[in-house]
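**Q** sequence below, structure please.
(chains A and B)
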Amino acid sequence: MAQVERDRPCIHVCLVGGADEELYRWVEIGAEEEGVPVRRTAVQVSEPVLAAFEAAQGSRFDVGVSVTPGRVILHERHMPAEQPVLSLAATGDPRPLCRLMGGNAARMVVRLPLRFAGDDATPEPAPKPQRRDPSSPPVATQAATEPAADQTIVDVATIARIVVRILRERGVV
Amino acid sequence: MTLLIAGIDIGNSTTEVALAEIDAARPAPRWLASSRVSTTGIKGTLSNIPGVTRALQEAVDAAGVRIDQIDLALLNEATPVIGDIAMETITETIITESTMIGHNPNSPGGLGIGVGVTTHLNDLASTARGKPVLVVIPKDYDFQVAASLVNWALDNGIDVQGGIVQADDGVLIANRVHKALPFVDEVRLIDHVPLNILAAVEVAEHGQAIRQLSNPYGIATLFNLTPQETALVIPIAKALIGLRSAVVIRTPAGDVQTRHIPAGSLRLIGQDRTLVLPMDSGADAIMAALDQTGPLADVEGEPGTNVGGMVQRVRQTMSDLTEKPLAEIKIRDILAVDCLVPQQVAGGLAQEFSLENAVGLAAMVNTDRLLMERLAQALARDLSIRVELGGVEAHMAILGTLTTPGIASPLAILDLGAGSTDAAMLRKGEPVRSMHLAGAGDMVTMLIQRELDLPAGTVSEVAEQIKRYPLAKVESLFHTRYEDNTVRFFKEPLDPKLFGRVALVTPQGLVPIPTGHTIDRIRTVRREAKRKVFLRNSLRALSHVAPGGNIRLIDFVAIVGGSGQDFEISQMLMEQLNPYGIVVGTANIRSQLGPVNAVATGLVLSYFERQRSG
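**A** Coordinates of the predicted model:
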């Protein structure tokens, strides 16, 4: 079973240089919208480009991604090791970048043109940066019980309050 | 005595120069240089002078002489024709009483059909239980928030039937909602979706197209429509055919005004008879009528209709250029071409396009010798050299073509230019017969631009390039597949920006095309445009110059002109003319220039012959 799981074709993603664990999920989300599976993998090297290359070597799709705190790198098995397909530096929030790169890794697998941040040439511009906090509660009912969980997430908090208000109106809470 | 002679051919698109030294004592001119630059302004007007000067300069530079050393410059005489092109759609899709969102995002979420009242995500919680709703999710909402709210609503008995999503989040939301629901995503103009209105969404299986919403009776079933109401949704169903996902929204009656554009009719005034053709009878009927009218005296469009405006515009442009009164501009030839152009659907919500019938029209008017004489005088004054009109263009083209190795008379030539398609026929002991027809390379470019809906502004650029170069699809970072299915591998990885794209194979490398069209579609449009213009015009022109109008009596055809350099037109012509027993070849002027410079070369040769005989 474990063997089958390991051999399933996936985009391989590695986190190096102490990158936030949560960023892996954003790469996964980017690939999920295109319907391509992703797997977390461990690599021997610590240099980001070589790490992405090593991830790509292990992937049956020949596609690997490495996430570092300041940079996300997309690599492909047949590329020269030191020349990644794409290497984007994070300015500000790294999460949209991870999602974009996950999407691009998947687009390489499904053979669609890649998307570039701030690219207006394609009919559909690159996904708008997500400003929502991903740590928002997975289900609204939880949010309803802890409406002030994170005051920095204005919209989520607002929605949560609305939900609570309505729940109260209906006498659910 | 040796003379330095320049033959100058001002065409619709390029100005060509042939520079030679002639000496009546020698058997042939000594060719020094030739050049080819873009024509400045419209052929036959004074604005051509900068282009002519540049072409001359290039030629003298190459030959190592100066412009003021030129003893005589020869211009092609009385540019017989100038042409213009226009296109007008003759059908339009307007939807009333309902509206729709239909598009093909890469990844809509979920599956199936949902019918309900459009409800903003924020208002979902206050919706009554059991009432079917479609949730509208603007991009300010994170997919996780949206999914959890939808789940919460489902858990609380709210009958969510599907959703309309602004961001590219359809799959992410559908994956997180614990009931299989259709989510149409990438709906950019989500603000335009009316709320609290009955609507239906449909997302098809992978690899399939929607069925219910592309079927008028399917829509009628979902919305419980009467036969009269069903008639009104037919344009919607038509516009949604072949899409992977769609939304249809019932809007209150009278939201969108119906506007009917009369297509109008074209009045062909010929020497033999006058015929009136409705535009919607199609290009073939118009061209067939042209055969019956005899040589055209003029063409009129029905006033107050699209075609009326189109003909009027052509006339106005020509009047402005030639400085002749509007009434004196007579259209001497037209080429009508049917095409399908994507037009925005009036009343649609997501800038949907529907393929509409359109007619492209190339028209040609005769100009007079006075224009070229005026140009010759101005040129002589500006450059301080002697300038003369050298001879009729068709004769010059034949003379120039005869410098091709292996060519002899009797011979027909096809001059495939940018503005007109010309044919000339040379037979021993007979005067040269020639024919000039509207429609050539520029019209092909216009058809490509309109049919592929290429962005305006860079219009001619992209369309012109598509016309000129073959296509390839970049299938991986290391290989491309060409339009003939051959594959080429590269040692060095390609630019990631090219990955997955359809690109043009140009001498400068691969140039990606900024559209989402498939390689097959672009290739089909390109070849059809060339076929509709060049193949039809070549047959028309050749039958005019053929002895007794019988194209089978022509044995050899040589192709000259800028469009003769096209990578596929000459082969397409060979295929087309083969059944008539005609041998087609591309000329190679002076054994080295290919199909260009025929007229300029002919001008020098003609002068040389006159010097020797006279």
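**Q** quick one, phi psi at B:Ser384?
**A** Comment: the main-chain dihedrals of B:Ser384 come out as phi 50, psi 40, following degrees, to the nearest 10.
**Q** contact partners for it?
**A** Remark: with contacts taken as CB atoms under 8 Å, 6 or more residues apart in numbering or on different chains, B:Ser384 is in contact with B:Asp68. The way it works is simple: take the backbone N, C-alpha and C, and place the C-beta from them, glycine included.
**Q** for A:Met108, same thing?
**A** Contact partners of A:Met108, counting by CB under 8 Å, 6+ apart, are A:61, A:63, A:74, A:76, A:85, A:114, B:499-500.
**Q** now B:Val247
**A** Neighbouring residues of B:Val247 by CB under 8 Å, 6+ apart: B:100-102, B:134, B:164, B:184, B:187, B:193, B:199-202, B:349.
**Q** re earlier: from the contacts of A:Met108, which ones fall inside strands?
**A** Where the contacts of A:Met108 overlap with strands, as defined by DSSP state E, the overlap consists of A:63, A:74, A:76.
**Q** B:Leu510 reaches B:Lys473, doesn't it?
**A** No. Counting by CB atoms under 8 Å, no contact exists between B:Leu510 and B:Lys473, whose distance comes to 10.2 Å.
**Q** now list whatever residues contact both of these two.
**A** Taking CB under 8 Å, 6+ apart as the contact rule, B:Leu510 and B:Lys473 both touch B:480, B:503.
**Q** about what we covered before: just the buried ones from the ones in strands among the contacts of A:Met108?
**A** For these, a neighbour count by 16 or more other CB atoms under 10 Å in any protein chain shown gives the buried set as A:63, A:74, A:76.
**Q** any idea which residue sits dead centre in chain B?
**A** Residue closest to the mean C-alpha point of chain B, counted by CA atoms, centre = their mean, is B:Leu447 at 2.1 Å.
**Q** does it lie in a helix or a strand, and which?
**A** Secondary-structure assignment from DSSP states H and E places B:Leu447 in helix B:441-451.
**Q** now swap in B:Ala408 and tell me
**A** Using DSSP H and E, B:Ala408 maps to neither a helix nor a strand.
**Q** if I pick it, what's in contact with it?
**A** Listed by CB under 8 Å, 6+ apart, the contact partners of B:Ala408 are B:Leu402.
**Q** please tabulate the contacts of B:Val247 in JSON lines and include distance to B:Pro410 and pLDDT as additional columns.
**A** Shown next, in JSON lines, are the contacts of B:Val247 (distance: CB to CB, whole Å; pLDDT from 0 to 100):
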{"residue": "B:Met100", "distance to B:Pro410": "61", "pLDDT": "72"}
{"residue": "B:Ile101", "distance to B:Pro410": "63", "pLDDT": "73"}
{"residue": "B:Gly102", "distance to B:Pro410": "58", "pLDDT": "70"}
{"residue": "B:Leu134", "distance to B:Pro410": "73", "pLDDT": "93"}
{"residue": "B:Ile164", "distance to B:Pro410": "69", "pLDDT": "92"}
{"residue": "B:Val184", "distance to B:Pro410": "65", "pLDDT": "91"}
{"residue": "B:Val187", "distance to B:Pro410": "65", "pLDDT": "84"}
{"residue": "B:Val193", "distance to B:Pro410": "69", "pLDDT": "84"}
{"residue": "B:Ala199", "distance to B:Pro410": "70", "pLDDT": "91"}
{"residue": "B:Ala200", "distance to B:Pro410": "68", "pLDDT": "92"}
{"residue": "B:Val201", "distance to B:Pro410": "68", "pLDDT": "92"}
{"residue": "B:Glu202", "distance to B:Pro410": "65", "pLDDT": "93"}
{"residue": "B:Leu349", "distance to B:Pro410": "63", "pLDDT": "69"}
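**Q** any idea which of those is the one closest to chain A?
**A** B:Val187 (11.2 Å; CB to the nearest CB).
**Q** over to the residue of chain B positioned farthest from its centre: give its phi and psi.
**A** In chain B, counting by CA atoms, centre = their mean, B:Asn156 sits farthest out from the average C-alpha position, at 56.2 Å. Summarising the backbone geometry of B:Asn156 under the convention degrees, to the nearest 10, its torsions are phi -100, psi 20.
**Q** quick check: it vs chain A, distance?
**A** Taking CB to the nearest CB, to the nearest Å as the measure, B:Asn156 falls 8 Å from chain A.
**Q** in contact with that residue, which residues?
**A** Taking CB under 8 Å, 6+ apart, we find B:Asn156 in contact with B:Arg129.
**Q** excluding covalently adjacent residues, which one is nearest to residue 60?
**A** Assuming you mean chain A. For A:Arg60, ignoring the flanking residues on the chain, the nearest one in space by CB to CB, 6 or more residues apart in numbering or on different chains is A:Pro9 at 3.8 Å.
**Q** that's the wrong chain, I meant chain B
**A** B:Ile67 (5.4 Å).
**Q** what is the burial count for that neighbour?
**A** B:Ile67 is surrounded by 17 other residues when neighbours are defined as other CB atoms under 10 Å in any protein chain shown.
**Q** can you tell me the residue of the stretch 401-550 of chain B closest to chain A?
**A** Shortest the stretch 401-550 of chain B-to-chain A distance, computed as CB to the nearest CB: residue-wise this is B:Gly500, at 4.1 Å.
**Q** surely that residue meets A:Val109?
**A** No. Under the criterion of CB under 8 Å, B:Gly500 is not in contact with A:Val109, lying 10.6 Å apart.
**Q** count the residues that sit near residue 8.
**A** No chain in the question, so chain A it is. For A:Arg8, the neighbour count with other CB under 10 Å is 10.
**Q** um, chain B though
**A** Applying other CB under 10 Å, we find 29 other residues in the vicinity of B:Ile8.
**Q** so which helix or strand takes in B:Thr421?
**A** When secondary structure is defined using DSSP H and E, the element that contains B:Thr421 is strand B:420-426.
**Q** how about the helices in chain A?
**A** Remark: helices assigned in chain A by DSSP state H are A:2-7, A:22-34, A:48-58, A:94-110, A:140-145, A:154-169.
**Q** return the member of those helices having the minimum mean pLDDT.
**A** Of all the helices of chain A, mean pLDDT reaches its minimum on helix A:140-145 (a mean of 37).
**Q** now do the closest residue to chain A within the stretch 1-150 of chain B: how many residues are near it, please.
**A** Among residues of the stretch 1-150 of chain B, the one nearest chain A by CB to the nearest CB turns out to be B:Asp142. It sits 3.4 Å away. Counted by other CB under 10 Å, the residues lying close to B:Asp142 total 23.
**Q** check it and give its pLDDT.
**A** For B:Asp142, the model assigns a pLDDT of 89.
**Q** now swap in the one 3 residues further on and tell me
**A** Here the pLDDT value assigned to B:Val145 is 91.
**Q** look up the closest residue to A:Ile29, ignoring the ones flanking it.
**A** Across the structure, with CB to CB, 6+ apart as the measure, the residue nearest A:Ile29 apart from its sequence neighbours is A:Arg99 (5.5 Å).
**Q** quick check: residues of the stretch 401-550 of chain B near chain A?
**A** B:475-478, B:493, B:496-497, B:499-501, B:512, B:514, B:516 (CB under 8 Å from any CB of the partner chain).
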